[in-house]
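# Return atomic coordinates for the entry below.
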Amino acid sequence: MSFSYGAIGITKDGICPRGYGKDRVRGILGSGANTFKTAVTAFEKWEQFNVNWVEIYPQNSLIIPDAVVAVLAWHSCFWSLNACRIVYVINEQGPITRFGFGYGTLPDHAETGEERFLLEWDKSTDTVFYDILAFSNPNTLLGWLAYPLVRLIQNRFRRDSERLMKRKIKVSN
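Take a look at the predicted model:
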């Protein structure tokens, strides 16, 4: 299936197109090479999705371009299953070392848009950041009608994911 939106890959450079809802969460996970390595290992296992109400399928999917995953989410009284395809992978070494990926929505997803999950280690300050950037709009009439609730759910996931990654780093250090 093709992507359900245009501007494919635009989040790689931190850009979101006009006309979409934009969300960004950026937090400090800690410092140093061990923190960055632990976070990358967690990403490679999709652990940033292991909040108590979201799961990723298949759980052992490789983070490679064109891999398809489905996000299963519990919404208090029903489940939703939303398919995405990885658009790009970031694996850069340098003064700011980066690891992450962006995935885009497929036609049967409740939303239309793209989301980037990124780890950055700024070696000049030795700080490791976790950054989620997304742009989206509802993909169905029900989604438009429930848009304020959808935005709350999206923001809840980003906050829960950031907290989970911080706990993961704290436990391993």
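# quick one: contacts for the closest residue to residue 168 other than its chain neighbours?
Nearest non-adjacent residue to residue 168, counting by Cβ to Cβ, 6 or more residues apart in numbering: residue 42, 5.3 Å away. For glycine as for every other residue, the C-beta is placed from the backbone atoms N, C-alpha and C. The contact partners of residue 42, taken as Cβ atoms under 8 Å, 6 or more residues apart in numbering, are 48, 165, 168.
# tell me the pLDDT at residue 42?
The model reports residue 42 with a pLDDT of 94.
# now the one 5 residues further on
At residue 47, the predicted lDDT confidence score is 93.
# Counting neighbours, what do you get for it?
17 (other Cβ atoms under 10 Å).
# follow-up on the earlier one: of the contacts of residue 42, which is the most crowded?
The residue in the contacts of residue 42 with the most neighbours, by other Cβ under 10 Å, is residue 165 (25 neighbours).
# ok, it touching residue 39?
Yes. Under the criterion of Cβ atoms under 8 Å, residue 165 makes contact with residue 39 at 6.4 Å.
# shared neighbours, the two?
Common neighbours of residue 165 and residue 39 (Cβ under 8 Å, 6+ apart) are 29, 130.
# So which elements touch the helix or strand where residue 112 lies?
Using DSSP states H and E, residue 112 sits in strand 111-122. Under the contact definition 3 or more Cβ pairs under 8 Å, 6 or more residues apart in numbering; DSSP states H and E, strand 111-122 sits against helix 32-44, strand 79-92, strand 96-105, strand 127-138.
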